[in-house]
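Engineer: this is a predicted model, with the sequence first.
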Amino acid sequence: MFKFNFDVDDTEQSTNVNHTTQNQGPTSLQAVVPDAFTELFLADALNSLPSKISYSPITISLASGGELSLPRRDLFDARFQLISQNPDDPDALEQQSINTQSALHFLDAPSDLVPLVYEGGLKTWECSLDLARYLDGISSQFDVSGKRVLEIGCGTSIPSLYILHRIFSSPPSQNQTHIHLQDYNASVLELVTIPNIILTWYLSEAAETYRKSEEWADPPLELNISESLKDTFLQSLTTYGVHLRFFSGSWDTFDLQTLGGNYNLVLTSETIYRMESLPNLAAIMRGACNAEGSKDVDDYLCLVAAKVLYFGVGGGVAEFVRCVRDLDKGGTVETVWEKTQGVERRVMSVKWN
Ligand SMILES: C[S@@+](CC[C@H](N)C(=O)[O-])C[C@H]1O[C@@H](n2cnc3c(N)ncnc32)[C@H](O)[C@@H]1O
């Protein structure tokens, strides 16, 4: 029996605390082969969006003081998209892909994790907010513009949304910023990661002219996904030198060469919970930082946000630190931020040997 007992305190999309899952997913989904590394193209994801999406804000208290509100697509809205694509009749249901059935099930229970079926990406986990706050605290020393960024296990991608918010709120620059996002589930990328990025752009200064032109078209907390919005969004990416790529699949199939490696910033949040996955995760991080080719440890920043303990699953900070140390040409882990009250959480920086 698989059992999770995450200590979760998410703000809005799930109210489960000390959530326990006992393989509640459809039994047929338990035996699937792990999803292989695949690129999801932005143009295809844009084409599959419905004509309207709804969203709710999530608030991050910034290291610099003040708060930042970032938009997240509502899960009920993502569910509606899937149902509309797959009408509720038995024949159509039979033909639904495992991915779609799986996504529908987990949209209703976003805290349920079933290893290598659904790994929790639909929900925003609290350490992703810690990581965004930490990025805000170091923003004066570490300028992300013009860098290569990889967010591993991105889910709702709060750290990357923070970075994009900053880029879209600054004047356009000649710098070319590459942001690559990975999640186990392609449906997570399609249903929440990419919509969240569009929403973040839409609410930023970069979209001000567009917003004004459409001012009365969008009801509050809803966004019309028109052809003109898609075109303006893509044009903005070019103007701001932002290059986005999206990858799904399990970490053991992750192909760093295809992605070009050599990242300046590697981010991951709430991904160190499962012992079995730790070596693959650590190996990706090490390869992504191109530790061997790098002469200077300051060439990259490799940040991991996590709870200290994941009850019932075996992973956590101690196991991650040990895994990094024991990896071939491993590294060292330094805590750069921590919360010691209640459920302990950390942001850690990894330096590779
Ligand atoms: C608990 S969720 C955290 C999501 C997000 N980072 C957050 O903090 O809100 C864990 C994420 O790690 C990724 N993940 C976990 N195990 C994985 C594996 N073996 N292969 C690929 N991705 C995996 C999933 O994509 C999932 O989104």
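Structural biologist: Okay, I see it.
Engineer: ok, the closest residue in space to residue 210 that isn't next to it in sequence to residue 61 distance?
Structural biologist: When the adjacent residues along the chain are set aside, residue 210 lies closest to residue 232, with 4.8 Å between them (C-beta to C-beta, 6 or more residues apart in numbering). Bear in mind the C-beta positions are built from the backbone N, C-alpha and C, glycine included. Plainly put, residue 232 is 31 Å away from residue 61 if you go by C-beta to C-beta, to the nearest Å.
Engineer: what pairs with the residue lying closest to residue 152 once chain neighbours are set aside across the strands?
Structural biologist: Using C-beta to C-beta, 6+ apart and skipping the chain neighbours, the partner closest in space to residue 152 is residue 268 (4.2 Å). When assigned by DSSP bridges, residue 268 has beta-bridge partners residue 152, residue 304.
Engineer: what's around residue 268, how many residues?
Structural biologist: By the measure other C-beta atoms under 10 Å, the count of residues near residue 268 is 26.
Engineer: wait, isn't it in contact with residue 278?
Structural biologist: No: under the criterion of C-beta atoms under 8 Å, residue 268 makes no contact with residue 278, lying 11.5 Å away.
Engineer: and the helix or strand containing residue 101, what does it pack onto?
Structural biologist: Element membership for residue 101 (DSSP states H and E) is helix 98-108. Secondary structure elements in contact with helix 98-108, counted by 3 or more C-beta pairs under 8 Å, 6 or more residues apart in numbering; DSSP states H and E, are helix 75-85, helix 186-188.
Engineer: same thing but 6 Å
Structural biologist: For helix 98-108, the elements it packs on are helix 75-85, judged by 3 or more C-beta pairs under 6 Å, 6 or more residues apart in numbering; DSSP states H and E.
Engineer: give me the average confidence score over the helix it packs on.
Structural biologist: In this model, helix 75-85 has an average pLDDT of 89.
Engineer: and the pLDDT for the closest residue to residue 71 other than its chain neighbours?
Structural biologist: What sits nearest to residue 71 in space, not counting adjacent residues and going by C-beta to C-beta, 6+ apart, is residue 199, at 3.8 Å. We have a pLDDT of 98 for residue 199.
Engineer: helix, strand or coil for residue 319?
Structural biologist: Three-state assignment for residue 319 (DSSP: H, G, I helix; E, B strand; the rest coil): helix.
Engineer: for the ligand, what are the nearby residues on this protein?
Structural biologist: By C-beta under 6 Å from any ligand atom, the residues of the chain that approach the ligand are 119-121, 124-125, 127-128, 153-156, 183-184, 250-251, 269-271, 277.
Engineer: let's see that with 5 Å instead.
Structural biologist: Residues of the chain found near the ligand, taking C-beta under 5 Å from any ligand atom as the criterion, are 119-121, 124-125, 128, 153, 155, 183-184, 250-251, 269-271, 277.
Engineer: sort out for me which of the residues you listed are in helices.
Structural biologist: The members of the residues of the chain next to the ligand that map onto helices under DSSP state H are residue 128.
Engineer: can you name the two of the residues of the chain next to the ligand that are farthest apart?
Structural biologist: Across the residues of the chain next to the ligand, no pair lies farther apart than 124 and 250, at 21.7 Å, counting by C-beta to C-beta.
Engineer: now, the residues of the chain next to the ligand that are in strands?
Structural biologist: Secondary-structure check on those using DSSP state E: residues within strands are 183, 269.
Engineer: would you map the helices across the stretch 201-350 of the chain?
Structural biologist: Residue ranges of the helices in the stretch 201-350 of the chain, as given by DSSP state H, counting those that start in this stretch, are 208-213, 227-239, 256-259, 278-288, 317-326.
Engineer: what's the fourth one packed up against?
Structural biologist: Read that as helix 278-288. helix 317-326.
Engineer: can you name the residues in contact with the helix it packs on?
Structural biologist: The contact list for helix 317-326 (C-beta atoms under 6 Å, 6 or more residues apart in numbering) reads 272, 275, 278, 282, 308, 330, 331, 333, 346, 350.
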